[in-house]
Each structure stands twice: as C-alpha cells, then as structure tokens.
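1. Give me the fold of what follows.
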Amino acid sequence: GDFFEAWIGDDESSPLQQRIEHSLRALSDKGVDIFVMPGNRDFLMGDAFARRAGVKLIPDPQQQILGGIPTLLMHGDSLCSADAEYVRFRARIRDPKRQKRLLQLPLILRRMIARLLRAISRYRNQNKPAALMDVVPSEVVRAMQEAQATRLIHGHTHRPAIHSLMLSQGPCERIVLGDWHTQGWYGALDADGRFTLHTLPLPARHTPA
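-> Numbering: from 1, shown residues only. Purely as a prediction, here's the structure:
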C-alpha cells in the first residue's frame, strides 16, 4: 500500500501516475501477475486504475499460502491502534458513503482536500511519539491468531525489519517492508519458503509520489 502519496480518484492523472501505470502495464503485459493492496494514502484506487495498470486490487487484510506458509498480508495501519486520533480519522475516511461523496466532488477540489489533509497529517505526526505510530503488539497477535498465520507481512510504519515471535500456533515472524523515498525495498521468497528483505537503488529522476 501507499503506492502513491495520495490518490484522489481514478480520474486524476499526473505525469508520475502515468509513468507508474505504464511501467506496471509493461510488466503485466510480459505475463507477470501484479497484485496491489491499497494503503491509507491511496485507498481510493479503483477499477479504472487497475485496468490501465494491468493489476488486480486485493483487500486488506489478505490471507495467502506463500512458500507453504500461512501468510497474512496487511497494509498495517489498522495495527496502529494506540494512535486514537488516527483510528477515529480512519473510521471516518473509510466509510463507503463518505468515499462516494468525496469522489463526486470536482477534481480540483479533491486536490485541495488531499494537500490539506497531507499538511495536517505531517504537522500532527511530527509532534507524536514514534512509538505511538508503530504497531501495537497485542493487535499483531490478535490479527495473526485470528488468521492462524505464522507470517505477517505489512508496510505503513516504514520500519523495515523481520521480527520473530512465539504465538499459540508456534514460531512466527512479522515482516515490515520499507518505503521508497531514498531507496527501494522488496521481499523475496526462496525455494525453502524463507523470506528475505532487499533494497535497490532508485533512478536519479525518481521523486516520491
């Protein structure tokens, strides 16, 4: 998730968005299956975007068997339940009726709203303790136990790491993917089902979405 800094509707088409869509489409046209789980900044991505980019949007959370291991995929923001202010905002903005009304607004107004919300978010987050914006361990345990998953992969917090933990279902791991601001991050599965984190350099012309 958070493929883009903000997504205000599939009718928006900035040069960066077009470049990413074309790159995804080129990869998809080569026969690569691409699945995108929208995040808290681009949760309004819809079917029109998916068709243009040649990707399939998947819900959050998503359960899969990856490398023979029951895996829970999440964006991760729902695990940050200690931030009560964000929890309330998330509940409001994810309401389908509010989303429908928002998408019916003129594009120029949605752009203004997105800029305002991002500015407010940056201001508030700079005054919040870092621990407040991280996942809550009990929420991680709850989510993994409900899914009976032994591996959780998520983003959102942008604190790349592989954490080991012991739950009722046995040894488990929580994998956190990094952001794409100064370098790229991706995870890979080997033939034995082992998951590893990797970085890659970004093109010089890259700027965050």
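2. Select the longest helix from the protein.
-> Determined from DSSP state H, the single longest helix within the chain is helix 107-125.
3. Tell me which helix or strand comes right after that one.
-> helix 137-147 (DSSP states H and E).
4. What residues of that next one count as buried?
-> By neighbour count with 16 or more other CB atoms under 10 Å, helix 137-147 contains the buried residues Val140, Val141, Ala143, Met144, Ala147. (Each C-beta comes from the backbone N, C-alpha and C, glycine too.)
5. mind checking pLDDT for the last one?
-> pLDDT for Ala147: 97.
6. gap between the lowest-mean-pLDDT helix or strand in the chain and the chain center?
-> When each helix and strand of the chain is scored by mean pLDDT, DSSP states H and E, helix 107-125 comes last, with a mean of 89. Centre-to-centre, helix 107-125 and its host chain are 18 Å apart (CA atoms, centre = their mean, to the nearest Å).
7. Would you mind pulling up the elements that the longest helix of the chain packs against?
-> helix 96-103 (3 or more CB pairs under 8 Å, 6 or more residues apart in numbering; DSSP states H and E).
8. Need the residues that contact the helix it packs on.
-> Contacts with helix 96-103, where a contact means CB atoms under 8 Å, 6 or more residues apart in numbering, come from Gly9, Leu44, Arg92, Ile93, Arg110, Ile113.
9. The same query, at a cut-off of 10 Å, please.
-> 8-11, 43-44, 46, 91-93, 95, 109-110, 113-114 (CB atoms under 10 Å, 6 or more residues apart in numbering).
10. residue ranges with poor pLDDT in the chain?
-> Low-confidence segments of the chain (pLDDT under 70): 205-209.
11. now do 50
-> For the chain, the stretches with pLDDT under 50 are 207-209.
12. what are the ranges of the helices in it?
-> 15-29, 47-53, 84-93, 96-103, 107-125, 137-147.
13. can these go into CSV with extra columns for distance to Gly39?
-> Shown next, in CSV, are the helices of the chain (distance: least, CB to CB, whole Å):
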stretch, distance to Gly39
helix 15-29, 14
helix 47-53, 14
helix 84-93, 11
helix 96-103, 15
helix 107-125, 13
helix 137-147, 16
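14. Figure out how far stretch 133-140 is from the centre of its chain.
-> 16 Å.
15. Over to that stretch now: how far is its first residue from its last?
-> Its start and end residues considered, stretch 133-140 measures 14 Å (CA to CA, to the nearest Å).
16. What distance do you get for Leu16 to Leu107?
-> 16 Å (CB to CB, to the nearest Å).
17. Out of the contacts of helix 96-103, which comes closest to Trp180?
-> Phe43 (17.7 Å; CB to CB).
18. Surely the closest one is in contact with Ile93?
-> Yes: Phe43 is within contact range of Ile93, at 7.8 Å (criterion: CB atoms under 10 Å).
19. what about those two, which has more around it?
-> Neighbours were counted for Phe43 and for Ile93 using other CB atoms under 10 Å; Phe43 has more, 19 against 14.
20. count of residues packed around the closest residue to the more buried one other than its chain neighbours?
-> Leaving aside its sequence neighbours, Phe43 sits nearest to Arg94 (CB to CB, 6 or more residues apart in numbering; 6.9 Å). By other CB under 10 Å, 12 other residues sit near Arg94.
21. ditto for Leu152
-> That count, for Leu152 with other CB under 10 Å as the rule, works out to 25.
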